[in-house]
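Peer 1: Quick one: sequence and predicted model below, then my questions.
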Amino acid sequence: MTIVLRDAVPGDEAVLHEFDQALATFESLDDEFTSSVEDFAAGLFGHDAPAKALIAELDGAIVGMAIYWFTFNTFSGKKGVWLEDLFVREDARRQGVADALMEALRNLSQGRLEWDVLDWNEGALTLYRKLGAEPNVGWTKYGLRPHPH
C-alpha cells in the first residue's frame, strides 16, 4: 500500500467537510458541527483563508486529512503549526496514514506542532505517545465564543 500526501486544493472541500463531520460524530459533537461545504471552501481556499489542509491518499483513494494553520512562538521566534483536526477513515487506520500526516505537519513547523486531544480518545492518545508527544502539563486551555447577535 502506498500513502501519498498532498496539499488540499479547491474541489477537496466536500471530502474534507465529510471527514470533519465524521470526526464530530465520533467526538459526540454533532450539535457543534454547523459548518457547510462552502464554509470549508472559504476557510481553506478563499482570499485570506486562515487554514490549510493535507490530504492523505492510500492507493489512490482519499482516506485521511489534517486541517492546520501556522502559528508563531514568540519565545523561540519560530513558525509553528496548530493541528485543528486529524482524521483517517476507519478502514484505513493502522496503516501509517496518521503517522505520515503527523510527520508532514512536524516538517512544516520550525518550532512546535501543537493540538488538542479529548482525554477519553485512547486511540489518538496511543498514537501521539507513540510519536513521542507529551501533554502540556500545567497549562489550562481557555476559549471565548463569539458574542450572540
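Peer 2: That came through fine. For clarity, every value in this text was computed on a predicted model and none was experimentally measured.
Peer 1: Show residues contacting the longest strand anywhere in the chain.
Peer 2: When the chain is scanned for its longest strand (criterion: DSSP state E), the result is strand 61-73. Residues from elsewhere that reach strand 61-73 (CB atoms under 8 Å, 6 or more residues apart in numbering): 8, 12, 15-16, 19-20, 44, 50-58, 78-89, 91-92, 97-98, 101-102, 104-105, 108, 111-112, 114. Yep, even glycine has a C-beta here, placed from its N, CA and C like the rest.
Peer 1: give me that answer again for 7 Å
Peer 2: If you take CB atoms under 7 Å, 6 or more residues apart in numbering as the criterion, strand 61-73 is touched by 15-16, 19, 50-57, 79-89, 92, 97-98, 101, 105, 111-112.
Peer 1: now those residues: which count as buried?
Peer 2: Buried members of the contacts of strand 61-73, counted by 16 or more other CB atoms under 10 Å: 15-16, 19, 51-57, 80-89, 92, 97-98, 101, 105, 111-112.
Peer 1: how about the residue nearest the centre of the chain, secondary structure?
Peer 2: In the chain, the residue lying closest to the centroid (CA atoms, centre = their mean) is residue 85, at 2.6 Å. On the three-state scheme (DSSP: H, G, I helix; E, B strand; the rest coil), residue 85 is labelled strand.
Peer 1: I'd say it and residue 21 touch.
Peer 2: No. Applying CB atoms under 7 Å as the test, residue 85 and residue 21 come out as separate, 10.7 Å apart.
Peer 1: Now do the phi/psi pair for residue 5.
Peer 2: Note on residue 5: backbone dihedrals following degrees, to the nearest 10 are phi -110, psi 140.
Peer 1: For it, give the beta-bridge partners.
Peer 2: In this entry, residue 5 is beta-bridged to residue 56, by DSSP bridges.
Peer 1: Measure how buried it is and give me the count.
Peer 2: Residue 5 has 17 neighbouring residues, counting by other CB atoms under 10 Å.
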